[in-house]
Structure formats: structure tokens, C-alpha cells
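> Take this sequence and fold it.
(chains A, B and C)
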Amino acid sequence: MLEDYLHILIFLAVAILIGFAPRVLGMLLGPRRPDPEKDAPYECGFDAFESARMKFDVRYYLVAILFILFDLEIAFLFPWAVVLEELGTAGLLSMSVFLGILVVGFIYEWRKGALDWE
Amino acid sequence: MTTLTPSLTSSMIAILPELVILVTACTVLVADLYTRDDQKQSNHNLTIIGLLLALIAVGFVGGSVPTEAFSESFIRDPMSDLLKGAILIVSLLTFIYAKDYMRDREMWVGEYHVLLLFAVLGMLIMVSANGFLTLYLGLELLSLCLYALVAFDRDSKQGAEAAMKYFVLGALGSGMLLYGISMLYGASGGFAFADVAAAVASDGVNDKILVFGLVFALIGIAFKFGAVPFHMWLPDVYQGAPTPIVLFLSSAPKIAAFAMAARILIEALGGLQSDWGEILVILSVLSLALGNVVAIAQTNIKRMLAYSTISHVGFIFLGLLAGSEQGYASAMFYSVVYALMSAGAFGVLLMISSKGQDVQELDDLKGLSDRAPWLAAMMALMMFSMAGVPPMVGFVAKLLVLEAIIAQGMVWLAIVAVAFSIIGAFYYLRVVKMLYFDKPTTEVPVTTNASARVAITVNGAAILLLGMYPATLFTLCQQAFPG
Amino acid sequence: MGFEKFLFYVFAAITVVAAGMVVTRRNPVHAVLFLVLAFVSSAALWLLLEAEFLGIVLVLVYVGAVMVLFLFVVMMLDIDIAALRGQFIRYLPIGLLIALVMVVNLFLVLGPSNFGLELFAKPEAQPADYSNTVELGLQLYTTYLYPFEIAAVILLVAIVAAIRLTLRRRPETKYQDASKQVRVKKGPDRIRLVSMPALKEKSK
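Predicted coordinates:
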């Protein structure tokens, strides 16, 4: 069972190594002479006008949350797909109801224009 | 796995009330998208029809023999029948009272009906839960709708603040409950209340994990009820949320919360009664004391009613902690009656709020008897009932609870409860004095619609008649706990 | 078994350290990224327990979606760190006291005396073809059918609530509606012929 994941573990280890190695090498080998002008955020030669962190429009949030909801729906589909043959018609029906309820929500968000980016 | 199919039909019949509400909510949601702005009356009509149909369905599937459905996730028994009926009636009142208020403030949109209907669905699911999983999902469905409804007025900063507080504390309460449930699950190996009850019976009080789970589950219950010291959210939410939402929040969910407490404490953890009884004594005395005393200092009527809620929760807990069938039945009676009283009181507040002006301060009630004598009489009736003045039903409810705890030999507790009720009577009677003996501060005429007037009259009549003839309702409550 | 135990401690350590970083980082974006790390390493812990589906869901839903939401929310809020820190220090003593009492309580109940390894039998190893996902599916859509459908309703409510609370029409924005453009027909939709009597220019 767990042995099957060995190559993923090796993959992870290599990935972490590749991620860290250049940074560590750069830190060790590269010359570092920081000065305030060099470290300042570059904004077309001007001094920075304001903090780079600015408020996002709430519409991004809406897109994200609608994505999460349908992402969760997909999470429910995985085990269902695996056992559908054993569940038979009852399984198909139960998932149809589940999806049917969410389709109502989908119709709602579509008609409301929540999927449009004005 | 085809074994599911034969029982599926009977399961579907058992959840008929829930199905009706679900279908109604989905219909309103979709129908609202295809109706013009001047046809929004159809949403209201559909909702009312749906609630009435669900009420009929409750009667149709009801009966004295409990039925389980969906592999024991769901149970329909005398308790769920009565509580579902009460929840549906109170919700019906909410929709009728709130109509003019919401329409005048441009909040009378499809989502309002849909979210309220889903909240009702959540409560029905909670009431009929036969295991922790179903109970928790019903609770979350209800809470999610309520969070959104509290923030329903998008341009109100107060509403947003109230929703934020409600959400954060509500999530904390849910988290506590969930942690407790996970402990109970770990100790018993099952979600069904019967599994936990069996584990309690075999391991008993010695199992620290069960008691630990009980404590956290109880904290969750106290959070949802708003019992002291878990009451912090209540006054702010009552003050900040739109009044129709407060009406709803303060009435029907209390019935559902009672069902949650009864299912968890009595059905699942009845064997640990001596443990949770002691905790409830503390919660109850604190709620009675803080609710009644702090309410006196309030000038905002919604805040005052929030503290009044807290004190009534103390009484409901008193009935539960008696630990006898009589006590449970009296607590159930109290929560149903409280929902009716609260709906009536907020209903009057809604009806006297005019288009540009909300009734927020106690002073707004001054001299209401000159402006709207009938509404003033109804408000006075609700206040007398909450104060526990005979022959109103509030008196009977308090009496039944006190009888139950005295029968268990907890006389001192009864004395404390009576003492704080007398203190509490002061602020209710102050409202009555304002209604009748003070000069009105405004001359704006009160305009109400016919259906709301009928509803408030029925509501008032129920308070009076149930007070004079409590036997029918109380018998139904007793049937829920056959002992 | 030794290697598995070693892996458990590695991932558990990463989880704990990352969780600690989440609550101590001053930059909320860094905190969220550490939360991602905590979730990924807990997913690895799920995998060690052979609960593959839960591990995948943790990565798919939490790391993939919830974290995106967190980042948006963090960026949406204009948090004044200095003001927050002032409050933080004011409430620190009482917070620490409560936390300490809680930890002692939890340890007394959840400590080795009640949850020690010797109190619980080691679960039997499953055969090699055992699939956690299959078992979950067999339960979820039959025994737990009712809670499963309630979950769909909760998702539906979340859709409605999110749209109601955040979606606002912006009449001032101008944008093209492709479906309307396509529907334009030749003739009357494009050119309107108006019959109009000739006007004589007024002579002064």
C-alpha cells in the first residue's frame, strides 16, 4: 500500500532540493551589498506612491467562493464514481438528487449574472 | 446495495414536510429569477402555500408511533411532530408580519424568502435528527441562513457588524459542539443517539471521554441558545439585524435549539443527567440573573428583548435540569410558548415601524395606545405574558417549570427563579406603562395591512387561550416524553 | 515500520511548525502560505493512515480552493497591524491564563491516562487491495444518504448567501453583451428609417 507512494516521496524530496538549492547557493556565493535605493520598490523611477497592498474588489471573493462550492461538489463525486457499479440505480439516483439541488443553485447564479464580469 | 430501494419510499414519505419546504424554496429561487420586480407578491404567496402544505404534511405523517428513516439518520416521533408544527406556524407568522417592513426597505426579494425557507428546513432537520451527524448538518444549514439574513441589509453597517459577530461566535460554538461530538463518537463508535446512549449505559460516568464530550456539546448548545456566559452575541445581533430577522431569530430557532438540547442531553446522554444537570444549574441561574437585571438598563427595545430572551433561556434550562419527564415536557412547553410570545412582540414592533423609521428605542412606544389601540393592547398582552402575569400563557409556562423543579426537591432554585422573574417583571411592565400612560412622541399614523392584523390577533388570542386552557398543548408535550 | 514512523514525525513536525508560523507571522499573506504548508503536510499524514481520499480532498479543496479564498479575503481587508497589536497586548494576560487553564484541562482528560496507546487495540492491517475510497463511497451514498443530500442543500444556501451579500449591479460600467450583439438582425435593428418632412431653414 504505502510502498506505492515511495516515488512520490522521492519526487517531493527532489522538488524541495531543487527549490532550496539555488537560494542557498545564491545566498552563499552571491555578493550582497544592500542599500536603501536598491531595496526600494521600483515604480517607474518615482518614489512609491502608496503601500503595494491594496484592497481587492469583493467580486474576486465571489468568484472564489463559487469555485469552492463546486469544487466541494466534485470532491463528493470521487468516491461515488469509484463505487457506482456496486451502488447501481440507487447510487445514480442519490447523486442525481445531489446534483439536481446544485443545478438549481447554478441556474440561480447564472441568471443573477454572478458569472459575468461586468 | 439495492437493499436501499424498498425502504426508500417509506423514507421519502417520512420526510414529506422537509421535502415540501425544500421544493418550495427551490421553486421560489428559480421563479424569482423569471418574475418582474412588480410581481414579487408571487414569492410571498408561494412561500405561504409551501409552509401551509408542510404543516399539512406534518399532520399527515404524524402519529404516536416513532418511525425511523434513511438508515436511522432520521426520526419522526411525537416530539418532532409538535415542534415541527410550532416551527412552521411561527415561521408563517414571521413572513406575514415582515411583509410590509421588508417591502418598504427594498429587501423583499427572492433571496429573503429562500434563505428563510432554508432556515426553516434546517430547523425541521434538526428537530427530526436521530444522530449527531444529521443534527449538526441541520444546525449548520440553519446557522448559515441566519448569518446571511442578519447581514441582509447590505447598506447597513450595524447589520454587517452584527453578522460578523454572530458568524465568528456562531462558528466558535459550532466548533465546540463538533469537538464534543467527535469525542462522543470516539467513545461510542457511532453517530446515532442510541449508540452514544448505549456507550453511556455500559461505561457510565467513569468514562472521562464521554463526560468531556458532553461538556463541549453542552457549550455548543448554550452558545446556540444564548445562555450566559455564552450570550455575548445576542444583544448586538438583535440590535443590528433587521427587525424581521430578529423576529425570526428569536422565535423559531429557540424551538429547534430545544430539540437539539433534548436530543443530545436526554436521548443520547440521559445516563449522564447528574453531570449535565449541575452544569445547567449554573447556566440557568446566571442567565436568569444577568438577563433580568441587565434588561432593566436598556433603552433600546431590541436589546431589551435580547436580554429578555436570555432570561427565558434560563427558564427553559430549569425545566431541562429537573431531569424528570415532567421537567422535559415543561421546558418544551416553555420554548414553544416563548417563540409565540417573542414573535408577537416583534410582530408589533414591525407593524408600528413606518417606512422611513424603525422602532428601535423604548421611547418610540410611548403613547402607542393613542395611535394604534389594538396593537398597543397586543403589545401589552405579550409583555404581561413574558412577565408571567396570569391568565396569560407565560404564567402557566413558568408555573409548570417551577412545579417540575420543586417536585425534584430543588426549592432554592425555584425561589431564585421567582425572585429574578419579579425583578424582570419591572421592565416588561415599564413597557406597558409607556404604551398607555405616556404622551406619544410622534403623530405619524400607524398603517398596517389586513393579514398582519389578523395574524397579530390570532397570535394574541393564542397567548390568552393557551394560558386559560394549557392542557391540550401540555398533554402533547408530555406525550413527547413518555418516560 | 521504522521508516514510516520516521516519515510521520517529519510530517508532524512540519505541520506543527507551519501551524505555529501561521499564528505568529506578521504578514497575513505569509501566514496563509504557511497554512498551505500545514495542510499539505497533514494531507501527507492522512496518506500515512491510508486515508487517500481524505488526503486528496484536503489538497484539492483546502489547498486548492479555500486558500485562494483566504488570500482574497486577506487582500480585501485593510488590516492595521499596529492597532491589532495594541489590542493583542492588552488582552494577552487574560488570554494566556485561559489558554493555560484549557491546556491543563485538556491534558488531564486527553492525556495518556485516557488516550494512551495501551488503551486502544491496534487496528488490523487491511489487505493490499483494500481501498479507503471504496469503503467511504459504499457508506456515504447508502447509510448516510440523508446527511449527504443535506450537504447539497447547505452548498446551495452558500451559493445564495454569497451572491446576495456580495453581488451588486454596477449600472455605471459599460460592457459589451455578446449575446445581444449576435441577436442583432439586418435591417430594422441596425438602421431605422424615419420619414420626416423637409425642413426649410429659417431665413433671418
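> residue ranges with poor pLDDT in chain A?
For chain A, applying pLDDT under 70 flags the ranges A:1, A:41-54, A:118.
> Near chain B, which residues of it are found?
Contacts of chain A with chain B, taken as CB under 8 Å from any CB of the partner chain, map to A:86-91, A:101, A:104, A:107-108, A:111-112. The C-beta positions use only the backbone N, C-alpha and C, and glycine is treated the same way.
> got these as CSV, with neighbour count and secondary structure columns?
Shown next, in CSV, are the residues of chain A next to chain B (neighbours: other CB atoms under 10 Å in any protein chain shown; DSSP: H, G, I helix; E, B strand; the rest coil):
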residue, neighbour count, secondary structure
A:Glu86, 14, helix
A:Leu87, 22, helix
A:Gly88, 14, helix
A:Thr89, 11, helix
A:Ala90, 17, helix
A:Gly91, 24, helix
A:Ile101, 20, helix
A:Val104, 21, helix
A:Ile107, 14, helix
A:Tyr108, 22, helix
A:Arg111, 14, helix
A:Lys112, 19, helix
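> And the residue of chain C closest to chain A?
When scored by CB to the nearest CB, chain C has C:Gly137 as its residue closest to chain A, at 3.4 Å.
> Can you give me every residue that contacts that residue?
Contact analysis of C:Gly137 by CB atoms under 8 Å, 6 or more residues apart in numbering or on different chains lists A:79-80, A:82-83, A:87.
> List the contacts of the closest residue to chain B within chain A.
Nearest residue of chain A to chain B: A:Arg111, at 4.1 Å (CB to the nearest CB). Counting by CB under 8 Å, 6+ apart, A:Arg111 touches B:33-34.
> how about a cut-off of 6 Å?
Residues near A:Arg111 by CB atoms under 6 Å, 6 or more residues apart in numbering or on different chains: B:Leu33.
> quick one: it from C:Ser179, how far?
The gap separating A:Arg111 from C:Ser179 is 13 Å, by CB to CB, to the nearest Å.
> ok, the residue of chain A closest to chain B to C:Leu167 distance?
Applying CB to CB, the value for A:Arg111 to C:Leu167 is 12 Å.
> Quick check: neighbours shared by the two?
Counting by CB under 6 Å, 6+ apart, A:Arg111 and C:Leu167 have no shared contacts at all.
> where does chain C dip in pLDDT?
In the predicted model, chain C carries pLDDT under 70 at residues C:1, C:78-84, C:171, C:203-204.
> center of it, which residue is that?
C:Val66 (2.0 Å; CA atoms, centre = their mean).
> number of nearby residues for residue 9?
Let's take chain A. The local packing of A:Leu9 (other CB atoms under 10 Å in any protein chain shown) involves 14 other residues.
> my question was about chain C
Burial of C:Tyr9 is recorded as 10 neighbouring residues (other CB under 10 Å).
> For it, what is the enclosing helix or strand?
Element membership for C:Tyr9, per DSSP states H and E: helix C:2-24.
> check contacts around the closest residue to chain A within the stretch 1-150 of chain B.
Closest to chain A within the stretch 1-150 of chain B is B:Leu33: 4.1 Å, counting by CB to the nearest CB. Contact analysis of B:Leu33 by CB under 6 Å, 6+ apart lists A:Arg111.
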